[in-house]
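>>> Okay, sequence plus prediction incoming.
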Amino acid sequence: MTNINILNEDLERIGLIDDYESFSFTTNYNKVGEFLLAIEADDNNVRLLEKDQLILVGNNREKVGKIDHTEYDLNEEGKVIKKFSGKTLGIIFEERITLTYGENNEKRAYDQIQGNVETVIRHYINRNIVNAINPARNIPQLEMTTDKMRGEIIRYQSRHKKLKEEVEQLSELYGLGWHIYLDLIKNKWVFDMYEGRNLSVNQSENSPVIFSPKFDNIRGLRYIDSNYTEKNVAYIAADGEGEKRNIYSMGEASGLKRKEVLIEVSASEGKYIDPIENGKRRLQEHSSINTLDAEINNTDMFQYERDYKLGDIVTVQHDDWRISKDMRITSITEAFEPSGYKLIATFGDKIPSLAERIKQELKIFEPYIRK
């Protein structure tokens, strides 16, 4: 079992956990990850763990979590187990909303920016948690790496949204990854963005990585290909009223394949963002779902973090199901238990929860809610 280092707020190591009932750590390509640690309640190591402390998995500075929940559980064997759970460091974005004040503290309807997707994401992080106008909103431990200006040019605006939701949504829609890791020399939390490599069979730049039952490197598959949430034609209702209201359309599907959605853009939004760009982004949120969950066997052929990493595009094949897909690894869960080590991966899209689907539909009414 891997060791778990316990760190305080100053990133000083205050303890080491090397014996536990179970431990799982999930990292996501463009969302906050999570972990769960279970230890016998009478174990001496339990006293080392408290809410708000950090855990460092082995010596991997990219696998760091913040404890935010504890509970006791009496198992079937009569042992009292104490469970510690939390999120990866990106959870700090949950505690900030995107304010709209300008550089000189003037009030604005929206915080609007045009630039590469990475530049846009970094802009909102910088203005709300790194170099905010109100110093009390800053987290001094947090710094950002240099902007590599990845992604296409977009126009975007935000107003009183959770910073975490904006970062996750933009990075997911445009295929970028991000994480916060530790710089233990400078005692800093470091925000960085990256883009996974293409390791599929349909490229020649990198050595391909293929997951297939015939190679004995994948098992326990669950594959979903769903049009449940798909919309491919948008009508964008922008500024104006009645017959004078401007209606834009986007998408070319026809007949049985045509699936329409109405996207409302208020008059005030129309002053700040191109309705077509808004419609394009909203339409991407209604794409079909193509996902595969599986347990990966680390083999001599392909080793995790040696041959492939979170965010890489790989090829997944199953001859009996007639599946051969190039899919991005969007989530990795490492489970450490007395029975052994498990590696569970999600390839492709995340299946939206009921709450996420409801939130998606409510976006149609945002212009009216804000008035």
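Right, received. Where do you want to start?

>>> Show me the strands paired with the helix or strand harbouring Thr330, marking each as parallel or antiparallel.
Assigned by DSSP states H and E, Thr330 belongs to strand 323-337. Partners of strand 323-337 in the sheet, by DSSP bridges, are strand 22-28 (antiparallel), strand 313-318 (antiparallel), strand 340-348 (antiparallel).

>>> So what's the model's average confidence on the last one?
Right, strand 340-348. Here strand 340-348 scores 93 as its mean pLDDT.

>>> Alpha carbons of that strand, as PDB, please.
Taking Å, rounded to 0.1, in the frame of the first residue of the first chain, the C-alpha atoms of strand 340-348 are listed here in PDB:
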ATOM      1  CA  GLY A 340      -4.500  -5.200  -3.800                       C
ATOM      2  CA  TYR A 341      -4.300  -2.200  -6.100                       C
ATOM      3  CA  LYS A 342      -7.000  -1.300  -8.600                       C
ATOM      4  CA  LEU A 343      -6.900   1.300 -11.400                       C
ATOM      5  CA  ILE A 344     -10.400   2.400 -12.700                       C
ATOM      6  CA  ALA A 345     -10.700   4.700 -15.700                       C
ATOM      7  CA  THR A 346     -13.400   6.700 -17.400                       C
ATOM      8  CA  PHE A 347     -12.900   7.200 -21.200                       C
ATOM      9  CA  GLY A 348     -14.800   9.900 -23.000                       C
END
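
>>> Please state the offset of it from the chain centre?
Centre-to-centre, strand 340-348 and its host chain are 16 Å apart (CA atoms, centre = their mean, to the nearest Å).

>>> Name all residues that make contact with His179.
27, 62, 88-90, 191-192, 194 (CB atoms under 8 Å, 6 or more residues apart in numbering). Quick note: C-beta positions are derived from backbone N, CA and C, even for glycine.

>>> related to what we said a few turns ago, could you dump the strands paired with strand 323-337 to a markdown table with mean neighbour count?
Formatted as a markdown table, the strands paired with strand 323-337 follow (neighbours: other CB atoms under 10 Å):
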| stretch | mean neighbour count |
| --- | --- |
| strand 22-28 | 20 |
| strand 313-318 | 20 |
| strand 340-348 | 17 |
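
>>> dump the residue contacts of the residue lying closest to Arg219 once chain neighbours are set aside.
Counting by CB to CB, 6 or more residues apart in numbering, Glu295 is the residue found nearest to Arg219 once chain neighbours are left out, at 5.3 Å. Contacts here follow CB under 8 Å, 6+ apart; on that basis Glu295 touches 218-220, 342-345.

>>> partners of Glu295 in the sheet?
Arg219, Ile344.

>>> Output the below-cut-off pLDDT ranges for the stretch 251-371 of the chain.
Scanning the stretch 251-371 of the chain for pLDDT under 70 picks out 266-273, 350-371.

>>> Could you rerun that using 50?
Within the stretch 251-371 of the chain, the segments meeting pLDDT under 50 span 268-272, 354-355, 358, 364-365, 367-371.

>>> Serialize the strands paired with strand 323-337 to CSV and add fields for distance to Val120.
Below are these laid out as CSV (distance: least, CB to CB, whole Å):
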stretch, distance to Val120
strand 22-28, 20
strand 313-318, 23
strand 340-348, 24
